[in-house]
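Chemist: based on what follows, work out the 3D shape:
(chains A, B and C)
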Amino acid sequence: MSTVPVEPPLRVRGLRKAFGGLRVTDDVSFDLAAGIVTTLVGPNGAGKTTLFNQITGELAPDGGSIALHGQALLGLAPWQVARRGVARSFQDLRLFGQMTAHDNLLTAMEPATGLWQPGGAARQERRERVAQLLEATGLAAQAQARAVDLSYAQRKFLSLARVMASRARLWLLDEPASGLDRGSYERFVALVRGAVRGGVTVCLIEHNLDIVADLSDRVLFLDRGRLLAEGTPQAVMGDPALAAIYFGERAA
Amino acid sequence: MLAYLINLGVLVGINAVLAVTLNFVMGYAGIYSIAHAVFFGVGAYTAAFVALHLSASLFVTLPLAMLLAAAVSVALALPALRVRGEYFVAASLGLQVIAVTVFSEWKSVTGGIGGVTGIPPAELFGRAVAAPAHFLVLTLACLGAVIAATTLLLRSAFGRSLQALRDSESAAQAAGKNVAAIKTLAVAVSASLAAVAGVLYAHYIAFVNVESFTLDTSVLLMAMVIIGGTGTLLGPLVGALLLMLLPSLFSFMSFLPPTEISAVQQIAYGATMVLLMIFRPGGLVGGNARARS
Amino acid sequence: MLLLQLLVNGLQTGALYALTAAGFSLIFGTTRVFHLAHGSAFVIAAYVFYSLAARAGAHWSLALLGAAAAAVLFGVLLDRVVYAPIRRHEGSFFTLFIASLGSAIVVQNVVGIAFGRSVVTVSTPLSRSAEVLPGVFVAPLAGVAIGCALVCFWLLQHFLGTTQRGVALRALAENAQLVRAYGLHPARLSTLAFALGSLLVVPAAALTVATSGANPAMGNHVMLISLAATIVGGVGSLRGAACAGLLLGMAENLALWRLEPQWSEAVTFVVLLGFILVRPTGFFGRAHAH
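Modeler: Alright, predicted model coming up:
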């Protein structure tokens, strides 16, 4: 590992967003380090998904900065942010319901706007990659099934596969593992860990504390728009004050 | 009888082109436009003007009509697509209303309310396509070409992008798709192919006037696509055929006063649209598949 | 003086537009249904008023009551019989839009068959205009129109701002869960929204019949204006829709100062398109968080 200082994959500084009087993001600053899994935790309404939305460009912050490998992301449209190498999954999945699993992945590899795409060898390569991803996520048999017709677990894996298809180096996953049974969960963890070993930077939003402890290398605790703590899962989740906030025992 | 069938065939064919092209944006891209008659009109008026002043050759009128319709549609789409889908309907409504006024007032080009008469027959390789039977072949050939073009596009990466943004615009953005540009392109394609119908119409009837390009027409076209079934290949064809046969069907019902036939027709397809949305949103062909997921 | 006359006409038209626009905005803002058939409620109210006042010779207050009953019944019917089943099947915005469009087509043509397509009016002693200033004619009906609009708005503000049902209506658009938590039914509130929204068109419809007359296709124009006003004023803001309705009524009339009459409808849409381009959230609209 080289010791030359490099720009972290994601650097957020002083991010602010308010709706009327409500501050949903209140002076948040953090870095996402490469090669590890960072998890955002916090009670409901803490502003975790809102934070993701600002990074991906869906929501414009009121102030602060976001830099991807040193390049500013503010002001870019979501599709431009995506093309810079940021992929995200949604809590409500938002799959391309009427399209087949195969096409859901294929289209994620074809971002060009025009009426044609690079053909020939590139096309063959895309189709092979789709087949590989379907295999890796256990969806090979469902390749021609429409996304709306898949089971819950299958849809969750398709959502992950769509992120993997994009070749992005930064993944923002919003509750990707919720509701998965044990076997599926293990498969999911293996896929994420495999990607991280391959150099992808992963940031999750997760509510399930077991998953947090299991999968995260680093935890960021968010409450009412403010970043209260960051550190190892044990340090953050072991803090009694934070636990009280998380479980809603704080005084009103 | 044969003459009647050929005439019906040409009119169904022309409307089928319009329905197929409207389905392209409505059923596949999820863009609801109530201004489709405008592009039909632009195509027709362009063909009329060019045929009278320049050349009646289809190799001249078709490209010019298609280009102009595409340009008008882009002028609408570029600003209107920046806002949510629901507002696009309102914007297209605005375009339709303004277009009718322009068609009625721009006397030097559109002949005003009187319209343009004496349009020469279409010319293909120097020979006029005047006989109705020949024109039917021409119409069916154009319909075939439009169906082929739209099908090819839908099977391509562009088609996948369109369906992705129909199914979930935010997820499509997150997957790197420039949604506004894709929608604009889709609208331009739809409009330019709709202009083909306009060219055919202008040469066939040899007379165009604003009455054919009003809001009522746009609504009828929308009804064809909805009733036939959005997002399917057969749907717009079925819809066009059915709604074009309605007038003939109603004229057989002698208990209906002839002045009210058009109103009864409209009631028929209005009621059908309501019932379909409640019980079978996918239309006749689509079944229970939701018109939009 | 033409300008002054146009200004007065504009105020009268604008007041009526403000009412119908507020009705549409209330419905669309709370239920998110693109109720294109709102114009049909207007047509129904107008023709019932006409039937009772002119054909049956009833007193105008009775005719108004009849029109109100018919409009409210229509709005509620559409909500329960057409929109509710569609929403149960997770009806999308556009499925509802098409259903609404179909309903509007049916109403327009049924009315056309029943009453004919020419303009019908009801003449009242209030319709006769008096020359208030040299070259400026105003009918007492204009004052009635404006007064009516103001009273209705005051009542509406009061209802929405202070009563429990009213507040819940406003909350419905934001958060149906919250509404349920207070023991209220979103479905019943939705019906209330349709009833209220449809009621708002009644004074405007009656006044229109008494001034410029009614015809079956008038619903289209009313609908276009209500839609334009709701967007220009900002979705979710009744005040905005009303102000925009007033603005559009003024613009439509003032345009006559320089343009031919056939361009006046186009003016409305140029304004609408301009707003969509420049400020899609309208004057007072809330910016949509995705």
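
Chemist: what's across from A:Gly63 in the sheet?
Modeler: Taking DSSP bridges as the rule, A:Gly63 bridges to A:Arg16.

Chemist: in contact with it, which residues?
Modeler: Neighbouring residues of A:Gly63 by C-beta atoms under 8 Å, 6 or more residues apart in numbering or on different chains: A:Gly14, A:Leu15, A:Arg16. Using the backbone N, CA and C atoms, a C-beta is placed for each residue, glycine as well.

Chemist: same check on A:Phe221?
Modeler: A:Val41, A:Gly42, A:Leu227, A:Leu228, A:Ala229, A:Glu230, A:Val236, A:Leu242, A:Tyr246.

Chemist: burial of the second one, as a residue count?
Modeler: Applying other C-beta atoms under 10 Å in any protein chain shown, we find 24 residues neighbouring A:Gly42.

Chemist: repeat for B:Leu76
Modeler: 26.

Chemist: could you do the one 3 residues further on as well?
Modeler: Applying other C-beta under 10 Å, we find 15 residues neighbouring B:Pro79.

Chemist: picking that back up, let's have the contacts of A:Phe221 in CSV, adding secondary structure and pLDDT.
Modeler: Converted to CSV, these look like this (DSSP: H, G, I helix; E, B strand; the rest coil; pLDDT from 0 to 100):
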residue, secondary structure, pLDDT
A:Val41, strand, 91
A:Gly42, coil, 89
A:Leu227, strand, 91
A:Leu228, strand, 89
A:Ala229, strand, 89
A:Glu230, strand, 90
A:Val236, helix, 86
A:Leu242, helix, 84
A:Tyr246, helix, 81
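
Chemist: export those to JSON lines and tack on distance to B:Val10?
Modeler: Below are the contacts of A:Phe221 laid out as JSON lines (distance: C-beta to C-beta, whole Å):
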{"residue": "A:Val41", "distance to B:Val10": "67"}
{"residue": "A:Gly42", "distance to B:Val10": "66"}
{"residue": "A:Leu227", "distance to B:Val10": "69"}
{"residue": "A:Leu228", "distance to B:Val10": "73"}
{"residue": "A:Ala229", "distance to B:Val10": "74"}
{"residue": "A:Glu230", "distance to B:Val10": "72"}
{"residue": "A:Val236", "distance to B:Val10": "74"}
{"residue": "A:Leu242", "distance to B:Val10": "75"}
{"residue": "A:Tyr246", "distance to B:Val10": "71"}
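
Chemist: so A:Ala67, which of the three states?
Modeler: strand (DSSP: H, G, I helix; E, B strand; the rest coil).

Chemist: give the contact list for A:Pro176.
Modeler: A:Ser89, A:Lys156, A:Ser159, A:Leu160, A:Phe188, A:Leu204.

Chemist: just list what the helix or strand A:Val12 falls within packs against, helices and strands only.
Modeler: Applying DSSP states H and E as the criterion places A:Val12 in strand A:10-19. Judged by 3 or more C-beta pairs under 8 Å, 6 or more residues apart in numbering or on different chains; DSSP states H and E, strand A:10-19 is in contact with strand A:22-32, helix A:48-56, strand A:63-68.

Chemist: as JSON lines, these with mean pLDDT would be great.
Modeler: As requested, the helices and strands packed on strand A:10-19 are exported to JSON lines (pLDDT from 0 to 100):
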{"stretch": "strand A:22-32", "mean pLDDT": "90"}
{"stretch": "helix A:48-56", "mean pLDDT": "92"}
{"stretch": "strand A:63-68", "mean pLDDT": "92"}
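
Chemist: pick the most deeply packed of those.
Modeler: Each of the helices and strands packed on strand A:10-19 was scored by mean neighbour count; the highest is helix A:48-56, a mean of 24, by mean count of other C-beta atoms under 10 Å in any protein chain shown.

Chemist: now the helices for the stretch 101-250 of chain A?
Modeler: Taking DSSP state H, counting those that start in this stretch as the test, the helices found in the stretch 101-250 of chain A are A:101-108, A:121-136, A:152-165, A:182-197, A:209-215, A:233-238, A:240-246.

Chemist: closest residue of the stretch 101-250 of chain A to chain B?
Modeler: In the stretch 101-250 of chain A, the residue that lies nearest chain B is A:Pro111 (3.4 Å; C-beta to the nearest C-beta).

Chemist: which ones are touching that residue?
Modeler: Contact analysis of A:Pro111 by C-beta under 8 Å, 6+ apart lists A:Trp79, A:Ala82, A:Arg83, B:Ala175, B:Gly176, B:Lys177, B:Asn178.

Chemist: most widely separated two among those residues?
Modeler: B:Ala175 and B:Asn178 (10.8 Å; C-beta to C-beta).

Chemist: which of these two has more neighbours?
Modeler: B:Ala175 (30 against 22).

Chemist: so the more buried one versus A:Ala112, what's the distance?
Modeler: The spacing between B:Ala175 and A:Ala112, counted by C-beta to C-beta, to the nearest Å, is 12 Å.

Chemist: what sits against A:Ala161?
Modeler: A:Ala101, A:Asn104, A:Leu105, A:Leu133, A:Leu134, A:Ala136, A:Thr137, A:Leu139.

Chemist: rerun at 7 Å
Modeler: By C-beta atoms under 7 Å, 6 or more residues apart in numbering or on different chains, the contact set of A:Ala161 is A:Leu105, A:Leu133, A:Leu134, A:Thr137, A:Leu139.

Chemist: which secondary structure elements does the helix or strand harbouring B:Ser104 sit against?
Modeler: If you go by DSSP H and E, B:Ser104 is part of helix B:85-105. Contacts defined by 3 or more C-beta pairs under 7 Å, 6 or more residues apart in numbering or on different chains; DSSP states H and E place helix B:85-105 against helix B:36-53, helix B:58-80, helix C:218-233, helix C:264-278.

Chemist: quick one: pLDDT of whichever residue of chain B sits closest to chain A?
Modeler: In chain B, the residue found nearest to chain A is B:Gly176; the distance is 3.4 Å by C-beta to the nearest C-beta. The per-residue pLDDT reported for B:Gly176 equals 92.

Chemist: hmm, back to that, reformat the helices and strands packed on helix B:85-105 as JSON lines; add mean pLDDT and distance to B:Ile226.
Modeler: Converted to JSON lines, these look like this (pLDDT from 0 to 100; distance: least, C-beta to C-beta, whole Å):
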{"stretch": "helix B:36-53", "mean pLDDT": "94", "distance to B:Ile226": "13"}
{"stretch": "helix B:58-80", "mean pLDDT": "90", "distance to B:Ile226": "21"}
{"stretch": "helix C:218-233", "mean pLDDT": "86", "distance to B:Ile226": "19"}
{"stretch": "helix C:264-278", "mean pLDDT": "76", "distance to B:Ile226": "24"}
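
Chemist: can I get these in JSON lines with distance to C:Glu252?
Modeler: As requested, the helices and strands packed on helix B:85-105 are exported to JSON lines (distance: least, C-beta to C-beta, whole Å):
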{"stretch": "helix B:36-53", "distance to C:Glu252": "22"}
{"stretch": "helix B:58-80", "distance to C:Glu252": "22"}
{"stretch": "helix C:218-233", "distance to C:Glu252": "8"}
{"stretch": "helix C:264-278", "distance to C:Glu252": "5"}
